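Colleague: coordinates for the following, if possible.
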Amino acid sequence: MNILILCDRKSTENNNLMSELQKFLTELNHDVSTIVLNRNDLLPCTGCFGCWVKTPGQCVITNDNANSKTA
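Modeller: Predicted coordinates for the structure are as follows:
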């Protein structure tokens, strides 16, 4: 099973919790990815429909972390 862990802050406590959770889920043979969200790293949608027309499923805005797989 693929599992995505989203966290909204970078802190030692969160990093420790995410590491332990990722370790536990990996031991259960799950594929785990982690993304740490920061408001400064994500830009709002501009409504350009580029994710529909130019690059289906991917935002065309490349100067933020919206398209990153892991953080």
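Colleague: all strands for this protein, in order.
Modeller: Under the criterion DSSP state E, the chain contains strands at 2-7, 31-36.
Colleague: average pLDDT for the first one?
Modeller: Right, strand 2-7. Here strand 2-7 scores 87 as its mean pLDDT.
Colleague: now stretch 45-63
Modeller: Average pLDDT, stretch 45-63: 87.
Colleague: please identify the most buried of the strands of the chain.
Modeller: Mean neighbour count (mean count of other CB atoms under 10 Å) peaks for strand 31-36 among those, with a mean of 16. Where C-beta positions appear, they are placed from N, C-alpha and C, glycine not excepted.
Colleague: show me what that one is packed up against.
Modeller: Packing contacts for strand 31-36, counted by 3 or more CB pairs under 8 Å, 6 or more residues apart in numbering; DSSP states H and E, involve strand 2-7, helix 12-27.
Colleague: which parts of stretch 43-53 are buried?
Modeller: By 16 or more other CB atoms under 10 Å, the buried positions in stretch 43-53 come out as Cys51.
Colleague: from Val60, how far out is the residue lying farthest from the centre of the chain?
Modeller: No residue in the chain sits farther from the centre than Val53, which is 22.8 Å out by CA atoms, centre = their mean. According to CB to CB, to the nearest Å, Val53 and Val60 sit 9 Å apart.
Colleague: same deal with Asp8?
Modeller: Shown here: Asp8 relative to Val60, a distance of 25 Å by CB to CB.
Colleague: one more: Leu43?
Modeller: The spacing between Leu43 and Val60, counted by CB to CB, is 11 Å.
Colleague: distance of the most centrally placed residue in the chain from Asn63?
Modeller: Closest to where the C-alpha atoms of the chain average out (CA atoms, centre = their mean) is Ile35, at 3.2 Å. Note on Ile35: its distance to Asn63, by CB to CB, is 17 Å.
Colleague: now do Leu17
Modeller: 30 Å.
Colleague: of those two, which one has the most company?
Modeller: Taking neighbours as other CB atoms under 10 Å, Leu17 and Asn63 compare with Leu17 leading, 13 against 6.
Colleague: tell me the pLDDT of the more buried one.
Modeller: According to the prediction, Leu17 has pLDDT 84.
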